[in-house]
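Novice: Got a sequence here, can you build the structure:
(2 chains, ligands or ions: 2)
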Amino acid sequence: MAALEIEHVEKTLRSGQSVLRDVSFTARDGELLAVVGPSGCGKSTLLRLVAGLDSITAGVIRIGGRTVNEVPPQQRDVAMVFQNHALYPHMTVYENLAFGLRVRGTPRTQIDRRVRQTAAQLGLEAMLKRYPRELSGGQRQRTALGRAMLRNPALFLLDEPLSSLDVPLRAELRRELAALHRSLGTTMVYVTHDQSEALSLGQRMVVLAGGRVQQIDTPINVYHRPANRFVAGFVGWPPMNFLTAESFDDGARVPAGASGLEYGVRPESFSTQAGGPDDLQLAGRIERIESQGSECHIELTQRFGRVLARLRCEKLPRVGEQIRLWVRRSDLHAFDRTNGQRVELMGLERSGPRPEERTQ
Amino acid sequence: MSLQNRTLRAGTYLGLAVLAGATLFPLLWVTSIALMRAPEAAAGTPSLWPHHPTLVNVINIISRQHLGRYFFNSLVVAIATMALSMLVAGSAGYGLARVEFRGRRMVSWLVMLGVLIPNQALVLPLFEMFRTVHLVNHYAALVLPAAANPVGIVLVQAYMRAIPADILDAARIDGASEWRIYRSIVVPLMAPMLAAVGVLIFVVSWNDFMWPMIAMQQESMQTLPVALAAIDREHYQDIGLMAAGATMTMLPMVFVFLASQRYYLRSVIAGSLTD
Ligand SMILES: Nc1ncnc2c1ncn2[C@@H]1O[C@H](COP(=O)(O)OP(=O)(O)OP(=O)(O)O)[C@@H](O)[C@H]1O
Ligand SMILES: [Mg+2]
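Specialist: Ligands and ions are numbered 1, 2, ... in the order given. Got it, this is the predicted structure:
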């Protein structure tokens, strides 16, 4: 077990393309840290740098306190699950699992015991004699996971391990993975492009975009206090609405900061009734109603743009009719128009926990 | 299966049968002529089947013409060339496809260029080289130039490029040394291609004529095709004898193909990746 420290890491490709810029964060000992960002933002590159498969252009990477910049992957004591599984196609599941131990010269009887134990843990006992091409997607996934687990590494690196699976299986394996992390207690860095996966799985999450770290915090804090406009729009589904003061009925009552603010409201922050005298109001014509079962996604248009609200489906007006919505002032997020940074509005009680109340 | 599918399939098999027949017919005919006595074989158009099969031609060509000796020479050269070229193609092809080093592109280009140069253009400089190092009339004169066959290298290189690099990286993270990765991952993965290259090189070496004729001037070192051509010049009227020589030249080819087909028909890459 070990912490992973990344300090001012840069990666520039030989072509001159800068993939990672001044990336710094720490995965604490035993932590499950989710790294999330849009496709192409450098997540896989980051894991490859930590594993030692590519070399960093600048910065320091420490695993368990040891600087590993120059250490080859064989000696970093990390295990990695690849985005595409990368199982050895010419080996059976048993041989795939055993390879890492064989290479290290572990005695045969011990290998056999550990392979069978891990296979049992992952429900792969019946698959041991099969080749990867004879497995289902989920079974391949488990095999890739088992290959990483067996080695008992200091650090787990998981690169979108569930992205190739269908939704129910993904949910199931996600639960299993969380349970696995609890039972092993090994530090895990979990990369995903799916923000909901990062929110549900990570103890803390790193939001990466354009090769830069946008925010590092607990999922609850990232959700309730996004550090900038990008994070606000990326984390949470359906995405946050971005509005101007004019969108509201009484623009003058919108808490003002310095000039040039943009306001963010999450779809679920709207309600059809006033909660208190301070609530802000806005109105618009219903364009579309999409039922999600228990609740509905309502798209309304205003002179100033479109707004998406998540409401209970009962007693809603019909498409084409006007609707009036209320928002608590404390549910308002504000961002600087010039640089997109979050602006704390004065005199507002936030509904989410403050940073000092972090849930660890 | 629908009627349309069945018709299509029947048509496919019929086409394949015709092609197979066209390929096998001359082989079978030559074999049957080899088993005929002189008068029968010398008929204007020899019949397709020996009416009184005999091994006399085979016995003659082995005992009187030392065919065994030439057969042995050809076999030694072909097997050595095959083994050495598989070693060269296996390591050079992998290196050029998957190992980063300075000048890799340059080397790749040079190898490609090697494919384009016809062997005939190399005969003179090669002869000078081998005479200088006193290797004319040695097996090495035939084995060494053929072992670095650029076609084999290019084929393996292309094949290795198609194998996902992540598999090799996974092995690195599993703790395997580069040599171990080559032995336990790379070689098994490229085995089908390597087998195909081996067969190809064996056939090319076995059939090669011009360079062996020039490099092996001592009669006892000659290979089958060269020796057979010499016998032909001497005994052109003895068709049965010639057919026996041709049959004995073909037989090892047939054997090599039958023995190796299951390797290069196998596809091991399926199922290693998600998509
Ligand atoms: N070997 C390479 N050659 C050229 N460009 C590369 C290479 N590897 C990565 N890149 C570039 O680096 C950037 C980051 O790639 P990376 O694979 O790390 O993204 P990612 O966040 O993992 O994306 P995804 O979610 O699609 O897997 C991309 O713009 C990509 O084009
Ligand atoms: Mg990736």
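Novice: show me what contacts A:His193?
Specialist: A:36-39, A:43, A:160, A:163 (Cβ atoms under 8 Å, 6 or more residues apart in numbering or on different chains). Using the backbone N, CA and C atoms, a C-beta is placed for each residue, glycine as well.
Novice: can you list the residues that contact stretch A:237-255?
Specialist: By Cβ under 8 Å, 6+ apart, stretch A:237-255 touches A:195-196, A:226, A:229, A:232-233, A:256, A:261-267, A:280-283, A:297, A:302-305, A:307-308, A:310, A:329, A:332-335, A:345-348.
Novice: Revised request: answer the last question for stretch A:56-76.
Specialist: Residues external to stretch A:56-76 that are found in contact with it (Cβ under 8 Å, 6+ apart): A:1-12, A:22-24, A:49-53, A:55, A:77-78, A:154-155, B:169, B:172-173, B:175-177.
Novice: and if we set it to 6 Å?
Specialist: A:2, A:4-12, A:49, A:51-53, A:154-155, B:172-173, B:175 (Cβ atoms under 6 Å, 6 or more residues apart in numbering or on different chains).
Novice: Is it possible to mark the buried ones in those?
Specialist: In terms of neighbour count (16 or more other Cβ atoms under 10 Å in any protein chain shown), the buried residues within the contacts of stretch A:56-76 are A:2, A:4-6, A:9-11, A:49, A:51-53, A:154-155, B:172-173, B:175.
Novice: lowest-pLDDT helix or strand in the chain?
Specialist: I went with chain A, as the question did not name one. helix A:167-184 (a mean of 87; mean pLDDT, DSSP states H and E).
Novice: try chain B instead
Specialist: Here the helix or strand of chain B ranked lowest by mean pLDDT, DSSP H and E is helix B:38-42, holding a mean of 75.
Novice: Count the residues that sit near B:Val58.
Specialist: Other residues near B:Val58 come to 19 when the count uses other Cβ atoms under 10 Å in any protein chain shown.
Novice: Next secondary structure after the helix or strand where B:Arg131 lies?
Specialist: Taking DSSP states H and E as the definition, B:Arg131 sits inside helix B:119-132. Proceeding N to C from helix B:119-132, the next assigned helix or strand is helix B:139-147, under DSSP H and E.
Novice: show me the contacts for the closest residue to ligand 1 within the stretch 151-275 of chain B.
Specialist: Using Cβ to the nearest ligand atom, the closest approach of the stretch 151-275 of chain B to ligand 1 is made by B:Ala165 at 9.1 Å. Residues near B:Ala165 by Cβ under 6 Å, 6+ apart: none.
Novice: one more time with 7 Å, if that's ok
Specialist: B:Arg98 (Cβ atoms under 7 Å, 6 or more residues apart in numbering or on different chains).
Novice: Same question for the one 5 residues further on.
Specialist: Applying Cβ under 7 Å, 6+ apart, we find B:Ala170 in contact with A:82, A:86.
Novice: Can you tell me how far it is from B:Tyr182?
Specialist: 15 Å (Cβ to Cβ, to the nearest Å).
Novice: mind listing the helices for chain A?
Specialist: Taking DSSP state H to define them, one finds helices in chain A at A:43-51, A:93-103, A:108-121, A:137-150, A:167-184, A:195-201, A:219-224, A:229-234.
Novice: Buried ones in the fourth one, by neighbour count?
Specialist: In this case it means helix A:137-150. A:138-150.
Novice: so what does it touch, helix or strand wise?
Specialist: strand A:78-81, helix A:93-103, helix A:108-121, helix A:167-184 (3 or more Cβ pairs under 7 Å, 6 or more residues apart in numbering or on different chains; DSSP states H and E).
Novice: can you tell if the third one touches chain B?
Specialist: No - Helix A:108-121 lies apart from chain B when judged by Cβ under 7 Å from any Cβ of the partner chain; the minimum separation is 12.9 Å.
Novice: Just want the angle from that helix to helix A:167-184.
Specialist: 130 degrees (axes from the mean of the first three to the mean of the last three Cα atoms, to 10 degrees).
Novice: Tell me the helices and strands packed up against helix A:108-121.
Specialist: helix A:93-103, helix A:137-150.
Novice: what residues does the shortest one touch?
Specialist: Right, helix A:93-103. In contact with helix A:93-103 (Cβ under 7 Å, 6+ apart) are residues A:87-88, A:91, A:111, A:114-115, A:118-119, A:124, A:127-130, A:143, A:146-147, A:150-151, B:174-176, B:180.
Novice: Try it again at 8 Å.
Specialist: Residues contacting helix A:93-103 (Cβ under 8 Å, 6+ apart): A:79, A:87-88, A:91, A:110-111, A:114-115, A:118-119, A:124, A:127-132, A:135, A:143, A:146-147, A:150-151, B:171, B:174-177, B:180, B:184.
Novice: can you give me the angle the helix holding B:Arg131 makes with helix B:139-147?
Specialist: Using the same axes, to 10 degrees: helix B:119-132 against helix B:139-147 is 140 degrees.
Novice: Quick one: distance of the least confident helix or strand of chain A to the chain centre.
Specialist: Here helix A:167-184 is found 15 Å from its chain centre; the criterion is Cα atoms, centre = their mean, to the nearest Å.
Novice: Mind giving me the packing neighbours of that helix?
Specialist: Helices and strands touching helix A:167-184, by 3 or more Cβ pairs under 8 Å, 6 or more residues apart in numbering or on different chains; DSSP states H and E, are helix A:137-150, helix A:195-201.
Novice: B:Leu126: which of the ones you listed is closest?
Specialist: helix A:137-150 (49.8 Å; Cβ to Cβ).
Novice: still on that earlier bit, identify each buried residue in the helix holding B:Arg131, please.
Specialist: For helix B:119-132, burial by neighbour count (16+ other Cβ under 10 Å) applies to B:123, B:126, B:130.
Novice: Residue of the stretch 1-150 of chain B nearest ligand 1, please.
Specialist: B:Glu100 (10.9 Å).
Novice: Which pLDDT value does the model give that residue?
Specialist: For B:Glu100, the pLDDT comes out at 86.
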